[in-house]
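Asks: With the sequence up front, the predicted model follows.
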Amino acid sequence: MSAGGSIAAMISSIKNNKRTRKNTFEKLGKEGRYSRKTKVHFKQNATKSQLREIRERLISQNKITFLKKIIIIFVLLVITIYFIGFAKF
């Protein structure tokens with residue numbers, strides 16, 4: 001019986017899969033950290049207008065970085081096509 005070790009491994013794997021495991025989010029808890037002693041406290045609160053300005057600034061910055069990435073990819077693609085076109089096989 002040469003399959004005894006693999007069958008035993010299958011049985012132990014099935015037993016391990018049966019047990020309930022804690023989800024990572026359950027381990028972290030409501031605070032988002034493993035320790036429940038630390039609490040987040042902000043001294044100042046932002047007004048709605050400040051939040052709106054921050055949101056608009058982030059959206060514009062994200063658009064600019066996205067366009068930069070697209071331009072870089074496009075330039076690299078054009079350069080690659082150029083070199084492949086002139087390569088002699």
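Replies: Received it, and whenever you're ready, just let me know what you need. Residues are numbered from 1 along each chain as shown.

Asks: give me the number of residues near residue 86?
Replies: 7 (other C-beta atoms under 10 Å). In short, each C-beta sits where N, CA and C put it, glycine included.

Asks: Sticking with residue 74, tell me its helix or strand.
Replies: Take DSSP states H and E as the rule and residue 74 turns out to sit in helix 48-86.

Asks: For that helix, what does the pLDDT average out to?
Replies: The pLDDT scores in helix 48-86 average 95.

Asks: And stretch 10-23, by the same measure?
Replies: Model confidence over stretch 10-23, given as mean pLDDT, is 76.

Asks: Which strands and helices lie in contact with the helix holding residue 74?
Replies: Counting by 3 or more C-beta pairs under 8 Å, 6 or more residues apart in numbering; DSSP states H and E, no packing neighbours are recorded for helix 48-86 among the helices and strands.

Asks: got the buried residues for that helix?
Replies: By neighbour count on 16 or more other C-beta atoms under 10 Å, the buried set for helix 48-86 is empty.

Asks: How about the secondary structure of residue 42?
Replies: In terms of secondary structure, residue 42 is coil; the call rests on DSSP: H, G, I helix; E, B strand; the rest coil.

Asks: give me phi/psi at it?
Replies: According to degrees, to the nearest 10, the main-chain angles of residue 42 amount to phi -110, psi 130.

Asks: what's the answer for the one 3 residues further on, then?
Replies: Dihedral angles of residue 45 (phi, psi; degrees, to the nearest 10) stand at phi -110, psi 150.

Asks: how close does the nearest residue to residue 46 once chain neighbours are set aside sit to residue 13?
Replies: Spatial nearest neighbour of residue 46, excluding adjacent residues (C-beta to C-beta, 6 or more residues apart in numbering): residue 54 at 7.3 Å. Distance check for residue 54 against residue 13: by C-beta to C-beta, to the nearest Å, it reads 50 Å.

Asks: likewise residue 59?
Replies: Using C-beta to C-beta, residue 59 is found at 48 Å from residue 13.

Asks: Ok, residue 49 next?
Replies: With the distance defined as C-beta to C-beta, residue 49 ends up 58 Å from residue 13.
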